[in-house]
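Enquirer: Got a predicted structure here, sequence first:
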Amino acid sequence: MNATIYHNPACGTSRNTLAMIRNAGIEPTIIEYLDQAPSRDELARMIADAGLTVRQAIREKGTPYAELGLDDPGLADEQLIDAMLKNPILINRPFVVTPLGTRLCRPSEVVLDILPETHKGEFTKEDGERVLDADGKRLV
């Protein structure tokens with residue numbers, strides 16, 4: 001199975017998501033979106049395919065969200081997407097795309113919804129939370 005993760009290696013949630021993909025025996029295409037932002041069409045498609053609104057796909061914490069006035073309810077989706085493309089740190093992460101769907105993987109175990117059940121044993125997140133048991137079965 002092919003998979004693509006829009007990844008930020010400095011983010012624990014993104015690292016956990018990547019590790020769960022690999023635990024399923026998949027080596028994904030990794031796009032470090034801070035350096036290589038998706039195109040407008042790709043971003044809009046990921047948001048729509050994940051069943052999110054554009055506002056739900058914006059990251060507020062640790063970003064220039066407030067400084068840019070993006071909390072203004074009068075801003076159109078196109079304006080918000082413009083801001084996300086200009087400042088990729090505003091794109092919430094990690095987005096994962098597989099043939100089984102697209103998800104914003106927050107929390108990271110959301111990725112399990114779009115992966116085959118080919119996990120190779122137990123998986124524990126960086127914070128110590130067990131997500132898969134020794135047989136690769138989902139615990140959460």
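Expert: Good, I have the coordinates. Numbers count the residues shown, from 1 in each chain.

Enquirer: All the helices of the chain, residue numbers only.
Expert: 12-23, 40-49, 77-86 (DSSP state H).

Enquirer: and Phe95, which of the ones you listed is closest to it?
Expert: helix 40-49 (5.0 Å; Cβ to Cβ). Where you see a C-beta, it was placed from the backbone N, CA and C, and this is true even at glycine.

Enquirer: In the closest one, which residues are buried?
Expert: Glu42, Leu43, Ala44, Met46, Ile47 (16 or more other Cβ atoms under 10 Å).

Enquirer: ok now that helix, how far from the chain's centre?
Expert: Helix 40-49 has its C-alpha centroid displaced from the chain centroid by 12 Å (Cα atoms, centre = their mean, to the nearest Å).

Enquirer: For this protein, identify the residue most remote from the centre.
Expert: Gly74 (26.1 Å; Cα atoms, centre = their mean).

Enquirer: quick one, strands of this structure?
Expert: 4-7, 29-32, 95-98, 101-104, 123-124, 130-132 (DSSP state E).

Enquirer: Now do the end-to-end distance for stretch 72-91.
Expert: End-to-end distance of stretch 72-91 (Cα to Cα, to the nearest Å): 17 Å.

Enquirer: residues of it that come out buried?
Expert: Leu75, Leu80, Ile81, Ala83, Met84, Asn87, Pro88, Ile89, Leu90, Ile91.

Enquirer: Give me the nearest residue to Ile30, chain neighbours excluded.
Expert: Nearest residue to Ile30, sequence neighbours excluded (Cβ to Cβ, 6 or more residues apart in numbering): His7, at 5.1 Å.

Enquirer: which residues does that neighbour contact?
Expert: Counting by Cβ atoms under 8 Å, 6 or more residues apart in numbering, His7 touches Ser14, Thr17, Leu18, Ile30, Ile31, Glu32, Tyr33, Arg93, Pro94.
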